[in-house]
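Asker: Predicted model and sequence follow; I will ask about them next.
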Amino acid sequence: MIAAEKQALWRFLLLYAGSLVFFLGIIGVGYYGFHSRQIVKAQQNELRLMAANINRSLRRGEPPDEEIAWAIVDSAGETFAGTFKLPHSTVRSIEQPNDREAFFSDKSHIYRLTELPTRFEPRFFLVRMPIYSDLYQNLIANMIAIWGGAFIFFMAIAAILTRMFLKPMRDMIELLDRFIKDTTHELTTPIAAILMSVEGFGRERLSERDQKRLSRIETGARTIKSVYDDLTFLALDKRSQSVLEKIDLSALLNERVEFFEPIGRAKNIAWEVVAGQYEPPIADKNELTRIIDNLLSNAIKYNKQGGRVRILAEDCFLSIEDEGEGISKDDRKKVFDRFARLDSAQGGFGLGLNIVKSLCDRANMSVDISDAQIGGCKFTVSWKAASR
């Protein structure tokens, strides 16, 4: 599964999981409320039976059942008879119950209260029983089990369906990937043949017109070679193991400028390479070459006619500046997105800067964009010194 597919899958599953938690939460609250009310009703019915049992025994002059907790209290909660005293934390202003009875509870017991018929100060008859805490615990455990099982079941269904829906996209991406691999493989030989043929020409024997034609052929071949290298990285080399080495950055820069000089010649680009006292980067040479090539290609593509490309290697950074129109601050984060193209008039696939960012992240380097001192845009690649 490719990164884009994984990202789409995780985004959908997170959104789905959030919605599922919300709706299952609503159902869980309703389920708990319904069954907790049933438990309360069952205890209230049991209290009624207990109160009827005590009343029957008192009317017959028989001793009440010792297992039943009962009491007769006044409106202040003072106990006159019974098997328990109402706890002070439970005593409240006892008023005449509505509909002949009332129920209340404290932390450990539930009570049924009825008013006794008397000519004097009101008396109240209480029966109590422990709250069925084990039933509530079982209810919560069952609810969690049901909720968790439903969540896992629906998430599994969502994952399966999502993979099924993504399969056509995956097949299309794999087809495109195979096409790119086959295309890059087929391009290797003709590009090498064209470049070797161009370099083998004796330019001094050609007329000025033919030299210009040959330069255009060379520029086109080198441009194709640069695109080919990007496609090769995307299709073949992006998962390869990096081979780290200390790189002679000055020599590499001169080599890459020499490669791009014929391409820059079409816009009369002037090159300025300054290699000061720099800390040699430790990186994969092929990957660093791709970083430099894409930045140089951009500096040419978005430069003005007759502009300069200034390259500076110093301390632990490499900067490449051009004299183009630059990149606005709002667009500077977008340019590293794959297929991002801020200027469609310049062409391209929108892959170069995404490759630069990917390779810099892979090599523990950073790449930043700022305004160039010479008037355009400045890309700066930084790395940590080996001794740090």
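Answerer: Perfect, thanks for sending it. Residues are numbered from 1 along each chain as shown.
Asker: Only C-alpha atoms from now on, for both contacts and neighbour counts.
Answerer: Noted.
Asker: Check which helices and strands whatever helix or strand Lys167 lives in is in contact with.
Answerer: According to DSSP states H and E, Lys167 maps onto helix 133-200. In terms of contacts (3 or more CA pairs under 8 Å, 6 or more residues apart in numbering; DSSP states H and E), helix 133-200 is packed against helix 3-60, helix 208-232.
Asker: Name the spans of the stretch 201-350 of the chain whose pLDDT lies under the cut-off.
Answerer: 203, 235-240, 339-350 (pLDDT under 70).
Asker: picking up where we left off before, could you identify which of the helices and strands packed on helix 133-200 is most buried?
Answerer: Compared across the helices and strands packed on helix 133-200, helix 208-232 shows the largest average neighbour count, a mean of 17 (mean count of other CA atoms under 10 Å).
Asker: what comes into contact with whichever helix or strand comes after it?
Answerer: Per DSSP H and E, the first helix or strand lying C-terminal to helix 208-232 is strand 244-246. The contact list for strand 244-246 (CA atoms under 8 Å, 6 or more residues apart in numbering) reads 280-285.
Asker: Could you export those as TSV, including secondary structure and neighbour count?
Answerer: As requested, the contacts of strand 244-246 are arranged in TSV below (DSSP: H, G, I helix; E, B strand; the rest coil; neighbours: other CA atoms under 10 Å):
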residue	secondary structure	neighbour count
Pro280	coil	21
Pro281	coil	25
Ile282	strand	18
Ala283	strand	20
Asp284	strand	18
Lys285	helix	19
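Asker: Any idea which of the helices and strands packed on helix 133-200 gets closest to Phe154?
Answerer: Taking CA to CA, helix 3-60 is the member of those nearest to Phe154, at 8.2 Å.
Asker: The very next helix or strand once past the closest one versus helix 3-60: what angle between them?
Answerer: Once helix 3-60 ends, the next helix or strand along the chain (criterion: DSSP H and E) is strand 69-74. Going by axes from the mean of the first three to the mean of the last three CA atoms, to 10 degrees, strand 69-74 is angled at 70 degrees with respect to helix 3-60.
Asker: List of residues touching strand 69-74?
Answerer: Contacts of strand 69-74 (CA under 8 Å, 6+ apart): 54, 79-85, 121-129.
Asker: Mind checking which of the residues you listed are buried?
Answerer: Neighbour counting by 16 or more other CA atoms under 10 Å classes 54, 79, 82, 85, 122-129 among the contacts of strand 69-74 as buried.
Asker: Of all pairs in the residues you listed, which one is the farthest apart?
Answerer: Longest span within the buried ones among the contacts of strand 69-74, CA to CA: Pro122 and Met129, 23.3 Å.
Asker: Show me the domain layout of this protein.
Answerer: For the chain, the structural domains run 3-135, 242-382, going by automatic domain parsing.
Asker: hey, which of the ones you listed is tucked in deepest?
Answerer: domain 242-382 (a mean of 18).
Asker: picking up where we left off before, and the helix holding Lys167, what's its mean pLDDT?
Answerer: For helix 133-200, mean pLDDT rounds to 81.
Asker: where's it relative to the chain centroid, distance-wise?
Answerer: How far helix 133-200 lies from its chain's middle: 15 Å, per CA atoms, centre = their mean, to the nearest Å.
Asker: Offset the numbering so it begins at 765, please.
Answerer: Sounds good: first residue 765 from here, last item helix 897-964.
Asker: you'd agree Ser1083 is up against Val1145?
Answerer: Yes: here Ser1083 reaches Val1145: they are 6.3 Å apart, a contact under CA atoms under 8 Å.
Asker: need the contact list for Ile1138.
Answerer: By CA under 8 Å, 6+ apart, the contact set of Ile1138 is 1085-1087.
Asker: Which ones among those residues map onto strands?
Answerer: 1085-1086 (DSSP state E).
Asker: For the contacts of Ile1138, give me JSON lines that also has distance to Val785.
Answerer: Below are the contacts of Ile1138 laid out as JSON lines (distance: CA to CA, whole Å):
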{"residue": "Glu1085", "distance to Val785": "52"}
{"residue": "Asp1086", "distance to Val785": "53"}
{"residue": "Glu1087", "distance to Val785": "54"}
